[in-house]
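Peer 1: Model the structure of this input:
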Amino acid sequence: MSTNAFQFIQRSALLFVCSAILGAVPRPALSSGAFVHLAAAEKARSEVKKSVKDNLTGPYVAWYYAGVAFPDAMLQVNRSTGSWAHFGSFLQNAAQQMSENCPSVGAKYAGDVTCKELIAFYLGVLSHVMVDYRFDSNFVRRTKNSCPAFKDYTLSGDVQEWTDEVLDAVAACKQRGYFSDTIFGKDRKFVVRYPTGFISDVARVTKRALTEKQIRDGYRKWLDATIKGERDLVSAGVFCETALATGVGMPFSKKISGNPWNKCEWATKESNYWKNKKVSGSVADMAKDFLPPLLEATYDRLVASFGKKADWPTFYHNKKSWPDERLCLAWTRVSSQNCPK
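Peer 2: Now for the predicted structure:
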C-alpha cells in the first residue's frame, strides 16, 4: 500500500471516529458562546469583594448561572425576546421590580424566590450583557484585523459568527478540566434555577407577552443547544482538538469553514483568548479587570435601593452602532464615559 493511500485510509477512519463521538453536532450546538460567558462570570466571582461574593456562592451559584444564560435562553423564544433580554430595558425594569418589592436583601419576592436569589440572577444577566459588549467591540474587531483570512468578511456577520462559534468550541476543548471540573464538576451539577415569576413580572411591566412556559422552554432549548453540544465535544477527549482541526460536526459558517487555526491563529491562541489580561475581551480581561467593578457597583446600588423604592440602577444605550454601542451605567465610574454627553 502506498503512503498516500495509507494516509487517506487513516484520515478517513479518524473522521469517522470523530463524527461518531461528536454525533454530528447540529448547527445550533455551539453558536452562543456559552462556555466563554460562563467562564468569565465564574472567574469574576473570585475577584469581587466579600459582600458580593457571599451572594454568588453556595446555593446562589445556580441562580447566578441562570442569569448568565438568560439573554441567550430568551433568544430561543424568539429574536425580539432575546434582544429585550440583552439590553438595558430588562436590566432597568428588573432592578425597579426588585427595589419596589424587596424591603431587604433577606426578604422574599412575591412569596416565590428570595431577594438574594434574584440578586444573584440579576448579576448573572449583567455579566452576560457586559461581556457581550466587551467581547464584540474589542476581541471580535481585533480578530478581524489580526487574521488575513477575514480581510474581506463583514465584522458584524461572518467574523462575529466565526468568533462566537469557533472560539467557544476551542475554549471548551482546550480548557477541558476547567469546563468539566470547575463549572460542571461532580460537586456542582449544572442546575438552572430560573425565576419564572419574576421574569414574567418584568415582561409585563415592559408590555411584553412572555409566559412562564416560554421561559422554561427557552432555557431547555438553550441547555440542549449549547451545554449538551459542548459537553459532547469535551467528552471526545483526545479527539476534541482533532475534531476542531478537521471541522467534523462543527457548525462553522460555510463561508469560513475548516480548520480554525488556519483561519485565525491569533484568536485561537490560549494566551490571547484565555490568559492575557492585556487583550481586551479575553476571558482573563473580562473576569479580572472588567466585570468585578461592574458587579460590585451594581450590587451596592441595587441593595441600597431596597426598601426605598427609588434610586435603583438605570441603564440606557449610547447612540453608536454595533459593535461600538455601549450600555451606559451612569452611576458607575467605569461606565460613565459611555454615557451621552
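
Peer 1: And the strands in this protein?
Peer 2: 108-109, 113-114, 316-317, 327-328 (DSSP state E).

Peer 1: Which of those strands sits closest to residue 283?
Peer 2: strand 327-328 (19.9 Å; C-beta to C-beta). No exception for glycine: its C-beta is placed from N, CA and C like everyone else's.

Peer 1: on that earlier part again, take the strands of the chain and write them to TSV, including distance to residue 150, mean pLDDT and mean neighbour count.
Peer 2: Listed next are the strands of the chain as TSV, based on distance: least, C-beta to C-beta, whole Å; pLDDT from 0 to 100; neighbours: other C-beta atoms under 10 Å:
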stretch	distance to residue 150	mean pLDDT	mean neighbour count
strand 108-109	46	90	17
strand 113-114	44	94	18
strand 316-317	27	72	14
strand 327-328	26	72	20
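
Peer 1: want to try a markdown table for those, with distance to residue 53 as columns?
Peer 2: Formatted as a markdown table, those follow (distance: least, C-beta to C-beta, whole Å):
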| stretch | distance to residue 53 |
| --- | --- |
| strand 108-109 | 22 |
| strand 113-114 | 17 |
| strand 316-317 | 29 |
| strand 327-328 | 23 |
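
Peer 1: These: which one's closest to residue 275?
Peer 2: strand 327-328 (26.4 Å).

Peer 1: Could you give me the buried positions within stretch 62-75?
Peer 2: In terms of neighbour count (16 or more other C-beta atoms under 10 Å), stretch 62-75 has its buried residues at 62-75.

Peer 1: Mind checking the strands of the chain for the one nearest to residue 288?
Peer 2: strand 327-328 (20.1 Å).

Peer 1: picking that back up, so which of the buried residues of stretch 62-75 comes closest to residue 282?
Peer 2: Of the buried residues of stretch 62-75, the one sitting nearest to residue 282 (C-beta to C-beta) turns out to be residue 68, at 17.4 Å.

Peer 1: ok, the closest one touching residue 123?
Peer 2: No - assessed by C-beta atoms under 8 Å, residue 68 is found out of contact with residue 123, at 9.1 Å.

Peer 1: quick one on the thing from earlier: just the buried residues of stretch 62-75: which are in helices?
Peer 2: The helices, defined by DSSP state H, take in 62-75 from the buried residues of stretch 62-75.

Peer 1: can you pull out the helices in the stretch 151-300 of the chain?
Peer 2: 160-174, 176-177, 196-205, 212-222, 228-235, 239-246, 260-263, 265-268, 270, 283-284, 291-305 (DSSP state H, counting those that start in this stretch).

Peer 1: Contact partners for residue 223?
Peer 2: residue 192 (C-beta atoms under 8 Å, 6 or more residues apart in numbering).

Peer 1: which ones are touching residue 206?
Peer 2: 84, 89, 90, 93.

Peer 1: Quick check, pLDDT for residue 330.
Peer 2: Looking at residue 330, its pLDDT is 62.

Peer 1: quick one: the spatially closest residue to residue 306 that is not a sequence neighbour from residue 79, how far?
Peer 2: By the measure of C-beta to C-beta, 6 or more residues apart in numbering, the closest residue to residue 306 outside its immediate chain neighbours is residue 102, 4.7 Å from it. As judged by C-beta to C-beta, to the nearest Å, residue 102 and residue 79 stand 31 Å apart.

Peer 1: Neighbour count: these two, which is higher?
Peer 2: residue 102 (24 against 9; other C-beta atoms under 10 Å).

Peer 1: what distance separates stretch 49-66 from the centre of its chain?
Peer 2: Distance of stretch 49-66 from its chain centroid, counting by C-alpha atoms, centre = their mean, to the nearest Å, is 17 Å.

Peer 1: residue contacts, residue 88?
Peer 2: 315, 316, 317, 327, 328.

Peer 1: do the same with residue 182
Peer 2: Per C-beta under 8 Å, 6+ apart, neighbours of residue 182: residue 42.

Peer 1: going forward can the numbers begin at 9, since that is how I track them
Peer 2: OK, 9 is where the count begins now, so the last one is residue 190.

Peer 1: tell me the pLDDT at it?
Peer 2: On the pLDDT scale, residue 190 gets 78.

Peer 1: Can you tell me how far it is from residue 335?
Peer 2: 28 Å.

Peer 1: what does residue 243 give?
Peer 2: 36 Å.

Peer 1: How about residue 307?
Peer 2: Applying C-beta to C-beta to residue 307 and residue 335 gives a distance of 17 Å.

Peer 1: where along the stretch 9-158 of the chain do the helices fall?
Peer 2: Under DSSP H, counting those that start in this stretch, the stretch 9-158 of the chain gives helices at 11-30, 42-53, 58-62, 69-83, 87-94, 96-109, 123-142, 149-154.
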